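>>> Fold the following and give me the result.
(one chain, ligands or ions: 1)
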Amino acid sequence: MTDSVDVAVVGAGPYGLSVAAHLSAAGVNYRQFGSPMKLWREMMPKGMYLKSQGFASNLSDPRGEKTLEAFCAATGREYKYYGLPVSLANFTAYGAWFQEQLGLAVEETLVTSISREDGGFALSAGTEQLRARKVVLAVGVEHFAYLPGIFAALPKELCGHASAYPDLSTPFKGRRVIVVGAGNSALETAALLHEGGADTEILVRGGTVKWNGLPLAPDRPFFQRLREPEAGLGSGWSTWFYSNHPELFRRLPEKTRIYRSRTALGPAGASWLRERVEGVLPVRLNHPVTAAVADGGQVKLTVDAAGAAKEFTADHVICGTGYRWDLKKLPFLDSNIKSAARTVGGGGLVSASYESSVPGLYIVGPVVAPSMGPVMRFVFGAEHAATTVGRQLAGVNRPAVPTVAAGR
Ligand SMILES: Cc1cc2nc3c(=O)[nH]c(=O)nc-3n(C[C@H](O)[C@H](O)[C@H](O)COP(=O)(O)OP(=O)(O)OC[C@H]3O[C@@H](n4cnc5c(N)ncnc54)[C@H](O)[C@@H]3O)c2cc1C
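All right, here's what the predicted structure looks like:
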């Protein structure tokens, strides 16, 4: 028998859980699929810290009660609104607590196909077929890990994307590892490798590594705060705008949106990471890798160092080369949906209520950054997305007033 629901939520990371919290509170008939907080539990290295501040690392529930701060208070963990890095372990535990506190039932099954049927959708989830009037896609970044072509042919034992290494100490102790990239993920991967006893080196394509400055004191003088306001994604007026007004970002010209969604808050190391990298392990700037070959159980990299070819050898190479979203690459969307879904900069083009050009298909999270802005790449954007989608699917027609705009 085929089950029917009003809404199927596909994904159970910060965005999916937040959407579910709003649907559940509104009494919407929904089912949710996915592996709760999988990216954070399985695809990030133990010992990692979040780059986002405590106040910007909340999942969203309609009452605003199940915050990271409330979790830390309830479980006796240290918390600071600002200035104390949030550990991966605490954030992952927070996700589980949020789910448990709100009684969110997640079915730990992958959705393997979504197609259009009778004005709604047909989904396959594990061995089950179901129908849903609406679908919310909250599948995050795992389908979009980007490994540059020169590395893609190397065997997994020798090279992989940074998301493939939940443990950077035991397997690499005493081995020589090269990390490629200069974003926070590459830099933190290198720091953790080094601290775990690996002989580590970082190769950077460009001429600099950017580091975020120290957090600004929340109680600094009024005029300083006016000149450089602090917001969920960092400080400054443009960052304040991206953080608080995805609905206005949507109205910017398409070219600007594509450019800003990719480049705003681009690769940079967290301030607290700097002392663990700079002067501690070799960081080779202007070292673009031009070739990579497997050679007797090792990897040989050729680098174009100011016009001169240089060779590097390592036991393993880890690419901190980020994610490139492309809605049409999602393997479980059928061709009918893929051809009807309009995209912008590879991401899903969505309306102010996060509905795609396929009626009834809503998309939230990083893959709609070119529509709603860079905030969608961060946990902080879950408040706007979940509040808006929750109201829409609960049939509340008042315009959404996400509390993110009020700086909660
Ligand atoms: C190394 C790293 C560090 C980061 N640090 C920060 C940070 O400090 N602060 C911050 O704000 N952001 C950070 N981010 C960004 C982070 O990815 C996003 O903020 C957030 O995870 C997006 O949440 P999401 O719910 O959209 O996706 P995800 O957390 O990626 O969750 C995706 C969900 O979709 C499910 N799923 C996927 N495919 C299917 C399918 N076919 N069927 C069913 N379920 C499916 C998965 O099981 C999972 O539950 C970081 C990202 C990385 C990679």
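>>> List the contacts of the nearest residue to residue 172 once chain neighbours are set aside.
Distances taken as CB to CB, 6 or more residues apart in numbering put residue 198 closest to residue 172, at 4.0 Å, once the chain neighbours are dropped. The C-beta positions use only the backbone N, C-alpha and C, and glycine is treated the same way. Counting by CB atoms under 8 Å, 6 or more residues apart in numbering, residue 198 touches 168, 172, 173, 174, 175, 176, 177.
>>> now with 7 Å?
Contacts for residue 198 (CB atoms under 7 Å, 6 or more residues apart in numbering) come out as 172, 173, 175, 177.
>>> Name only those of these that count as buried.
Taking 16 or more other CB atoms under 10 Å as the criterion, what is buried in the contacts of residue 198 is 172, 177.
>>> what's the most distant pair in the contacts of residue 198?
The most widely separated members of those, counting by CB to CB, are 173 and 177 (10.3 Å).
>>> in terms of contact, does residue 389 touch residue 363 like I think?
No. Using CB atoms under 7 Å, residue 389 is not in contact with residue 363, being 9.3 Å away.
>>> Spit out the residues that contact those two alike.
residue 354.
>>> can you tell me how far residue 135 sits from the ligand?
From residue 135 over to the ligand the distance is 11 Å, taken as CB to the nearest ligand atom, to the nearest Å.
>>> Specify the local secondary structure of residue 28.
Following DSSP: H, G, I helix; E, B strand; the rest coil, the label given to residue 28 is coil.
>>> Summarise which helices and strands the longest strand seen in the chain is packed against.
Looking across the chain with DSSP state E, the single longest strand is strand 128-137. In terms of contacts (3 or more CB pairs under 7 Å, 6 or more residues apart in numbering; DSSP states H and E), strand 128-137 is packed against strand 3-10, strand 120-125, strand 361-363.
>>> And those strands: which comes nearest residue 353?
Nearest to residue 353, of the helices and strands packed on strand 128-137 and by CB to CB, is strand 361-363 at 7.5 Å.
>>> what's near enough to touch whichever residue of the stretch 151-300 of the chain sits closest to the ligand?
Residue of the stretch 151-300 of the chain nearest the ligand, by CB to the nearest ligand atom: residue 185 (4.3 Å). By CB under 7 Å, 6+ apart, the residues touching residue 185 are 162, 320.
>>> mind checking which helix or strand it is in?
Using DSSP states H and E, residue 185 sits in helix 184-195.
>>> Ok, residue 382 next?
Applying DSSP H and E, one finds residue 382 within helix 382-393.
>>> Near the ligand, which residues of this protein? Just list them.
Within the chain, the positions near the ligand by CB under 6 Å from any ligand atom are 10-16, 33-36, 38-39, 44, 50-52, 110-111, 138-142, 185, 332, 365-366, 377-380.
>>> change it to 5 Å
The chain comes close to the ligand at residues 10-15, 33-35, 38-39, 44, 50-52, 110-111, 139-140, 185, 332, 365, 378-379, as judged by CB under 5 Å from any ligand atom.
>>> Can you select the buried ones from those in PyMOL?
Selecting only the buried entries of these in PyMOL, with 16+ other CB under 10 Å as the criterion:
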select buried, resi 10+11+12+13+14+15+33+34+35+38+39+44+50+51+52+111+139+140+185+332+365+378+379
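>>> From the residues of the chain next to the ligand, which land in helices?
Secondary structure from DSSP state H places 14, 15, 38, 39, 185 of these in helices.
>>> got the residue ranges for the helices in this protein?
Using DSSP H, the helices of the chain run over residues 14-25, 38-42, 68-75, 88-101, 149-152, 184-195, 222-227, 237-244, 246-249, 254-263, 335-340, 369-372, 382-393.
>>> which stretch in these has the least confidence?
Of all the helices of the chain, helix 222-227 carries the lowest average pLDDT, namely a mean of 88.
>>> Could you list the buried residues of that helix?
Across helix 222-227, burial judged by 16+ other CB under 10 Å covers no residue at all.
>>> Stretch 195-207 now?
196, 198, 199, 200, 201, 202, 203, 204, 205.
>>> quick one: the helix holding residue 382 to strand 3-10, angle?
Helix 382-393 and strand 3-10 are oriented at 160 degrees to each other (axes from the mean of the first three to the mean of the last three CA atoms, to 10 degrees).
>>> quick one: helix 382-393 to chain centroid distance?
Counting by CA atoms, centre = their mean, to the nearest Å, helix 382-393 is centred 18 Å from the centre of its parent chain.
>>> packing partners for it?
helix 14-25.
>>> buried residues in the helix it packs on?
Neighbour-count burial for helix 14-25 flags 14, 15, 16, 17, 18, 19, 20, 21, 22, 23, 24 (criterion: 16+ other CB under 10 Å).
>>> Bridged to residue 200, which residues?
residue 177 (DSSP bridges).
>>> shouldn't it be in contact with residue 193?
Yes. At 4.4 Å, residue 200 counts as touching residue 193 under the criterion of CB under 7 Å.
>>> Identify the contacts common to those two.
Both residue 200 and residue 193 are in contact with 177, 179, where contact means CB under 7 Å, 6+ apart.
>>> Need phi/psi at the residue of the stretch 301-408 of the chain found nearest the ligand.
Of all residues in the stretch 301-408 of the chain, residue 365 sits closest to the ligand, at 2.8 Å by CB to the nearest ligand atom. In terms of degrees, to the nearest 10, the main-chain angles of residue 365 are phi 100, psi -170.
>>> now it, nearest residue through space, not along the chain?
residue 15 (4.2 Å).
>>> any low-confidence regions in the protein?
1-2, 396-408 (pLDDT under 70).
>>> Number of residues surrounding residue 354?
For residue 354, the count of nearby residues is 28 (other CB atoms under 10 Å).
>>> ok, it touching residue 364?
Yes. The pair residue 354 / residue 364 is scored as a contact, 5.6 Å apart, by CB under 7 Å.
>>> Next, show the common contact partners of the two.
With CB under 7 Å, 6+ apart, residue 354 and residue 364 have common neighbours 385, 389.
>>> And residue 61, how far from the ligand?
Residue 61 is 15 Å from the ligand, by CB to the nearest ligand atom.
>>> Roughly how far does that residue sit from residue 98?
7 Å (CB to CB, to the nearest Å).
>>> Likewise for residue 13?
11 Å.
>>> repeat for residue 307
From residue 307 to residue 98 the distance is 53 Å (CB to CB).
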